[in-house]
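Novice: sequence and predicted structure below; questions after.
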Amino acid sequence: MKSVASILSYNHPQLTIKTINSLLNHFAMTDIYLTHNGSSEANIEYLKSQFPKINHLIQNPNIGYAGGVNFSFRTIFNLSIVDWIYFFSNDTTLKSLPSALPKTPGLYAPTSFRRQGTFLDSVGGVFIPYRAKVFHAKSKAEFYKNKITYIPGSAYLVHREVFIKTGGTDEKLFCYFEDIDWSMRIRKSGGNLEILDDFITTHGIGKTTRKDSFYTFYLFNRNCRIISRRYTPLWQRPVLELILFWKFLNLFYYLLKKQRFSELKSLPGIF
């Protein structure tokens, strides 16, 4: 079985360089694939000059995290005889890899620390659809004791069979909650969702997400609503709708108080 590394990058070349450097102790340059997802020509050429021997995949325009992941994986699986892909967002660094690949196809998460590696970020995640609630698990025990868990999208290991069987992430979501949706579909198809021992990363949370209303407000809240409704059973939907209405009121009050009038106009599209 063969594995390669895939990085998804949207500008931020210095962060991407840090990610690539963290992979070089674990992967040959020819086994590292960097996808430039809507990055500027100047940033693409700069990264090519710094790492001419890795594989540069170029996608223009930016098709979002979900589209970028699918583009990367389709290209890699078509180009190479590869069974496994270790995926990293370009604000993630690799600290260690397991000595052996899993025996069973699936989606596997690392233990992820925040930035400098001092504080734990996640050991997988937990999703409670009828409460529209998502949070990171802080231990393997917490991950495995919960009924509905997911693999966060900042870094993971995925098998070719899983990607082909599920078709990858939902590109209509663009960004946010696509990792939860994909995890749910992988589980439904019979795939494994597990934590992989000795797979350790650090994650610079929020480093590459653009701080504008489209990404941090509209898409997050819209996709939370979409995915919560998608996976909430009918008998729990009344509870979910009450929670979503309460969230709407809270958002309305918050935006009104902060005088963020342009974002107020997006509320009907969110809810």
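Specialist: Good, I have the coordinates. Numbers count the residues shown, from 1 in each chain.
Novice: who touches residue 104 in this structure?
Specialist: The neighbourhood of residue 104, defined by C-beta atoms under 8 Å, 6 or more residues apart in numbering, consists of residue 192. Heads up, the C-betas are built off the backbone N, CA and C, glycines and all.
Novice: do residue 74 as well
Specialist: Going by C-beta under 8 Å, 6+ apart, the list of residues near residue 74 reads residue 168.
Novice: now do it against residue 193, distance only.
Specialist: To residue 193, residue 74 is 22 Å away according to C-beta to C-beta, to the nearest Å.
Novice: need the nearest residue in space to residue 266, chain neighbours excluded.
Specialist: Ranked by C-beta to C-beta, 6 or more residues apart in numbering and with sequence neighbours excluded, the top spatial neighbour of residue 266 is residue 218, at 4.9 Å.
Novice: mind checking the SS state of the one you found?
Specialist: Assigned with DSSP: H, G, I helix; E, B strand; the rest coil, residue 218 falls in the helix class.
Novice: show the pLDDT at it.
Specialist: With respect to pLDDT, residue 218 scores 88.
Novice: what's the separation between it and residue 76?
Specialist: 31 Å.
Novice: mind checking which of those two has more residues around it?
Specialist: residue 76 (21 against 17; other C-beta atoms under 10 Å).
Novice: surely that one meets residue 33?
Specialist: Yes - using C-beta atoms under 8 Å, residue 76 is in contact with residue 33, at 5.5 Å.
Novice: list the contacts for the residue nearest in space to the middle of the chain?
Specialist: Of all residues in the chain, the one closest to the mean position by C-alpha atoms, centre = their mean is residue 153, 2.0 Å from it. Taking C-beta under 8 Å, 6+ apart as the criterion, residue 153 is in contact with 65, 69, 89, 178, 179.
Novice: tell me the confidence at it?
Specialist: 96.
Novice: residue ranges in the stretch 151-271 of the chain under the pLDDT threshold?
Specialist: Residues of the stretch 151-271 of the chain that meet the criterion pLDDT under 70 lie in 205-214.
Novice: helix/strand/coil for residue 39?
Specialist: Residue 39 - assigned by three-state DSSP - is coil.
Novice: quick one, phi/psi of it?
Specialist: Note on residue 39: backbone dihedrals following degrees, to the nearest 10 are phi -70, psi 160.
Novice: in this structure it contacts residue 8, no?
Specialist: No - Residue 39 is not in contact with residue 8 according to C-beta under 8 Å; the separation is 10.4 Å.
Novice: what bridges to residue 125?
Specialist: Following DSSP bridges, residue 125 is listed with bridge partners residue 136, residue 150.
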